[in-house]
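**Q** structure for the following, please:
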Amino acid sequence: MKILGIESSCDETAAAVVEDGTRVLSDVVRSQVDIHRRFGGPVPEIASRSHLEVIVPVIEEALSRAGLAASAIDAVAVANRPGLIGALLVGLAAAKALALALDKPLIGVNHLAAHIYASWMEGGAPPETPFVALVVSGGHTSLFRFDQPFEPVEIGSTADDAAGEAYDKVAAILGLGYPGGPIIDEVARAGDGARFRFKPPLLARDGLDFSFSGIKTAVLYRVTGRSAPHEPLPLSEQNVRDLAASFQEAVISGLLSASFRAVRRARAAALVVGGGCAANSRLRERFAEEAAAHGVRLFLPARARSTDNAAMIAGLGYHLYRLRGADGLALDAYPTS
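**A** Numbering: from 1, shown residues only. Predicted coordinates:
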C-alpha cells in the first residue's frame, strides 16, 4: 500500500511516498530556514504563504521521485495537528483536494505521534508496551505513555517555551544566529558544561512537566550581569562556548530526569525519543548512556528523520488507516494536540 504523506505543520513543506508504512520511496523537504532567519524564528503568516507557494511542486517532486503517477497512490495522509493553524490548513487543503480528485482515502495524522513513530519506522517492530516517549523540538516538549503502539497519552508537557525555542533564544543572546539548536550543539563541544550552573528546566523537582522560560532568562542575566553578584560577562569565544555547553547540559539533564522518572512510574522497558532536538549529538549521547545504565531499550530516529518530514506522516498514516480506516473530507486542523 503506497501512501502519499504531506507535512506543513510549521516551517517545512514536505511530501513523501511510503509503501506499507516502512519503505520510503521518496522524501522531499523544502525548508523555510533562510526565510525566517532574519526574524530569529518562524513567523506564522510568512510560513503559511511560503507553504502556499511550494506545496504543489513539492508533492509533484515526491511523486516523480517515487516513479508514480498521482493515480497510483492508495491513500493520502496529512499532518492535521498540532502546529501553526494557517500552515496546517495549507497542507490539509492540498491533501483534501488530492483525495477528492483521485477518489482516495484521507488520513489525519498527529504530528507528534509521527515523530515518535519515526524512531522505529525503518527499524522493525515497535517497542513492547507500555513504553514512554519524549517529543522534543522547536515547538513541543512533551512526554507520552503508550499502552498501545499508536495511542499516545500525554503525561507531561512544557508550561511555556519548548526546548528548541529555548535553544533559539539562547543562541540569539550569545550572538550565534538561527537556528540555535545545531549551532549550540556544535559550539558546546569545545565548552566546559560545568562552568556555569543553570537549574534544569523542570516545573517541579519530582514532576514530569517542563519550564524553559527560566533557563533562557538565567543565561541572559548571566551575560548582562543582572544575576547578582556577577558582573556583565564579555562574549569572548571561550565564554560563549562555556555558556552554550552549560545551558545544554542543564536542558538535557532536565529532559533525562523527567523521561526516566516517567519510565520508572510506567514500569516501561523502552523509551522513545523523537523530534528535531533528537538530532542533538549530546542529547543522543547522554540518553544512550542513561538507558544503558538502567537497562532501558532506547529508540532514537535517524538524524534525517528527527526534523519535520512527510515520510513519518505517510508511515504512521498507513498503520492508522489499517486500525481505524479513513477520516473523510470533514477532517479539520487543530493547533494543539
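
**Q** hmm, Lys199 and Ser246 touching each other?
**A** No. Using Cβ atoms under 8 Å as the test, Ser246 is too far from Lys199 to be in contact (11.2 Å). No exception for glycine: its C-beta is placed from N, CA and C like everyone else's.

**Q** more neighbours, these two?
**A** Neighbours per residue (other Cβ atoms under 10 Å) separate Ser246 from Lys199, with Ser246 holding more: 23 against 13.

**Q** any idea which element that one lies in?
**A** helix 237-266 (DSSP states H and E).

**Q** mind listing what's buried along that helix?
**A** 239-263, 266 (16 or more other Cβ atoms under 10 Å).

**Q** and it, what does it pack onto?
**A** Helix 237-266 sits against strand 131-136, strand 141-146, strand 152-157, helix 163-173, helix 180-188, helix 213-224, strand 270-274, helix 281-294, with contacts defined as 3 or more Cβ pairs under 8 Å, 6 or more residues apart in numbering; DSSP states H and E.

**Q** repeat that for 6 Å
**A** strand 131-136, helix 180-188, helix 281-294 (3 or more Cβ pairs under 6 Å, 6 or more residues apart in numbering; DSSP states H and E).

**Q** spit out the contact partners of Pro179.
**A** The contact partners of Pro179, taken as Cβ atoms under 6 Å, 6 or more residues apart in numbering, number zero.

**Q** scratch that, Ala118 is what I was asking about
**A** Gly274, Pro301, Arg305, Met312.

**Q** do that again at 10 Å, thanks
**A** If you count contacts by Cβ atoms under 10 Å, 6 or more residues apart in numbering, Ala118 has them with 272, 274-275, 278, 299-302, 304-307, 309, 311-313, 315-316.

**Q** equivalent analysis for Glu60, please.
**A** Ala15, Val28, Ala70.

**Q** the residues you listed in strands, which ones?
**A** Residues of these located in strands (DSSP state E): Ala15, Val28.

**Q** which among the contacts of Glu60 gets closest to Glu45?
**A** Ala15 (22.2 Å; Cβ to Cβ).

**Q** does the closest one touch Val29 like I think?
**A** Yes. Look at Ala15 against Val29 with Cβ atoms under 10 Å: they come within range, at 8.6 Å.

**Q** so for these two, which residues contact both of them?
**A** Glu7, Val58, Ala62, Asn309, Ala310, Ala311.

**Q** any idea which of these has the most stuff around it?
**A** Busiest of these [other Cβ under 10 Å] is Ala310, holding 35 neighbours.

**Q** so what's it up against?
**A** With contact taken as Cβ under 10 Å, 6+ apart, Ala310 is in contact with 3-8, 12-18, 24, 26-29, 58-59, 62, 77-79, 91, 109, 114, 317.

**Q** which one is Arg267 nearest to, not counting chain neighbours?
**A** Sequence neighbours aside, Pro130 is the residue nearest to Arg267 in space, at 7.0 Å (criterion: Cβ to Cβ, 6 or more residues apart in numbering).

**Q** meant to ask about Ser281, not that
**A** Asp185 (5.7 Å).

**Q** now do Ser211 against Gly164, distance only.
**A** For Ser211, the distance to Gly164 equals 15 Å [Cβ to Cβ, to the nearest Å].

**Q** same drill for these two, tell me which one is more crowded.
**A** Taking neighbours as other Cβ under 10 Å, Ser211 and Gly164 compare with Gly164 leading, 23 against 20.

**Q** that one and Lys216 touch, don't they?
**A** No. Here Gly164 does not reach Lys216: they are 11.8 Å apart, not a contact under Cβ under 10 Å.

**Q** pick out whichever of Ala15 and Val29 has more residues nearby.
**A** Each of Ala15 and Val29 has its neighbours counted (other Cβ under 10 Å); Ala15 has more, 36 against 18.

**Q** got a list of what the nearest residue to that one once chain neighbours are set aside touches?
**A** Using Cβ to Cβ, 6+ apart and skipping the chain neighbours, the partner closest in space to Ala15 is Ala62 (3.8 Å). Ala62 makes contacts with 4-6, 14-17, 25-29, 68, 73, 310-311, 314, as judged by Cβ under 10 Å, 6+ apart.

**Q** one more pass at 8 Å, please.
**A** For Ala62, the contacting residues are Leu4, Ala15, Ala16, Val17, Ser26, Asp27, Val28, Ala310, by Cβ atoms under 8 Å, 6 or more residues apart in numbering.
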